[in-house]
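Visitor: following is a predicted model, sequence given first.
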Amino acid sequence: MKFKDKTVIVTGGAQGIGMAISLAFAEEGANVVIADIDEEAGEEHVTTIRERGGQAIFIPTDVSREDDVKNLVEQTIKAYHGIHILINNAGIGSSGTLFTRPMEEWDRVIGVNLRGPYMMAKYCAPELMKANPGVIINIASTRALMSEPHTEPYSASKGGLLALTHSLAISLGPKVRVNAISPGWIEVSQWRKKSQRREPNLRPQDLAQHPVGRVGKPEDIAQACLFLASPAASFITGTNLIIDGGMTVKMIYEE
């Protein structure tokens, strides 16, 4: 119970990587606040955590909306009287191409993926500083460092999130540590609400292209969050931990 009596907010905490993160902290004794736009998934995941003996509440939240963020923070303090850890995990992708994508979609991606973490940090910071040390972990992406075609909004938002990470680390230190995690390919098919859960469809080449020989799991990111939020990481701030099975350091040449 490494996080007993600690309160952690996980944005986008009802499905995917966030689902694994929120479950991992609950299993270690934390009071978990799941912030998500999907109410069905949020309530379902809270029930799962409670059935396993954990403590969790769900607060419907669109992190791009300032009023929603303020409400999330107020309701968390009302329920648990403080905030010790913030995991900025909520994120969305984009569709189309540079030539076809409407600017409204760019604004929406930046709003959720970058404006959201900034506002979460802004409004959680007073409570995190009281925790001393408080912890912020931003879930970025290896797309901040490398790209496929037509991923501009997502890549830009995650690149901005890395810059926001080291900026916040300086602004909030020494009372709050701020780090980022950049996941690579994480297979989340089994980490969705029950109506959307399915078996992964991975090909042998999908596994083989990773230097570690497999695709990532949400648990890989959750375990890293537990470490970065713990006293074992007390000398780590402003950094970006890449968790991608070695893909970003692998040189690829066409034969």
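Guide: Noted; the coordinates are in hand.
Visitor: just to be sure, V10 is in a strand?
Guide: Yes - under DSSP: H, G, I helix; E, B strand; the rest coil, V10 falls within a strand.
Visitor: pLDDT below threshold where in this protein?
Guide: Across the chain, the ranges flagged by pLDDT under 70 are 255.
Visitor: which parts of it are helices?
Guide: 16-27, 39-51, 66-80, 103-110, 116-131, 152-172, 204-208, 218-228 (DSSP state H).
Visitor: buried sites along stretch 44-60?
Guide: E44, H45, V46, T48, I49, G54, Q55, A56, I57, F58, I59, P60 (16 or more other CB atoms under 10 Å). Heads up, the C-betas are built off the backbone N, CA and C, glycines and all.
Visitor: likewise for stretch 215-230?
Guide: By 16+ other CB under 10 Å, the buried positions in stretch 215-230 come out as V215, G216, K217, P218, D220, I221, A222, A224, C225, L226, L228, A229.
Visitor: and for stretch 27-41?
Guide: Within stretch 27-41, the residues scored as buried using 16+ other CB under 10 Å are 27-38, 41.
Visitor: CSV for the residues you listed, including distance to L145?
Guide: Listed next are the buried residues of stretch 27-41 as CSV, based on distance: CB to CB, whole Å:
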residue, distance to L145
E27, 31
E28, 30
G29, 34
A30, 30
N31, 34
V32, 30
V33, 30
I34, 29
A35, 27
D36, 27
I37, 27
D38, 29
A41, 29
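Visitor: before we move on, the earlier item: buried deepest among the helices of the chain, which one?
Guide: Highest mean neighbour count among the helices of the chain (mean count of other CB atoms under 10 Å): helix 16-27, with a mean of 27.
Visitor: so what does it touch, helix or strand wise?
Guide: Secondary-structure packing of helix 16-27 (3 or more CB pairs under 8 Å, 6 or more residues apart in numbering; DSSP states H and E): strand 7-11, strand 31-36, helix 39-51, strand 55-60, strand 85-88, helix 218-228.
Visitor: packing partners of the first one?
Guide: So that's strand 7-11. Strand 7-11 is packed against helix 16-27, strand 31-36, helix 66-80, strand 85-88, helix 116-131, with contacts defined by 3+ CB pairs under 8 Å, 6+ apart.
Visitor: most widely separated two among the buried residues of stretch 44-60?
Guide: Using CB to CB, the pair of these lying farthest apart is G54 and P60, separated by 19.8 Å.
Visitor: how near is the residue nearest in space to the middle of the chain to P211?
Guide: Taking CA atoms, centre = their mean, the centroid of the chain lies closest to N89, which sits 2.0 Å from it. Separation of N89 from P211 (CB to CB, to the nearest Å): 25 Å.
Visitor: ok, back up a step: what is the most widely separated pair among the buried residues of stretch 215-230?
Guide: Based on CB to CB, the longest span within the buried residues of stretch 215-230 runs between V215 and A229 and measures 24.7 Å.
Visitor: remind me, longest strand of this structure?
Guide: Looking across the chain with DSSP state E, the single longest strand is strand 176-183.
Visitor: and it, which residues are buried?
Guide: So, applying 16+ other CB under 10 Å, buried residues of strand 176-183: V176, R177, V178, N179, A180, I181, S182, P183.
Visitor: closest to R203 among the residues you listed?
Guide: P183 (19.9 Å).
Visitor: which ones are touching that closest one?
Guide: Counting by CB atoms under 8 Å, 6 or more residues apart in numbering, P183 touches I17, I139, S141, T142, G216, D220, I221, I243, D244.
Visitor: check contacts around the third one.
Guide: Meaning S141. G91, Y154, S155, K158, S182, P183.
Visitor: where's the last one relative to N71, distance?
Guide: In this structure, P183 and N71 are separated by 28 Å, where distance is defined by CB to CB.
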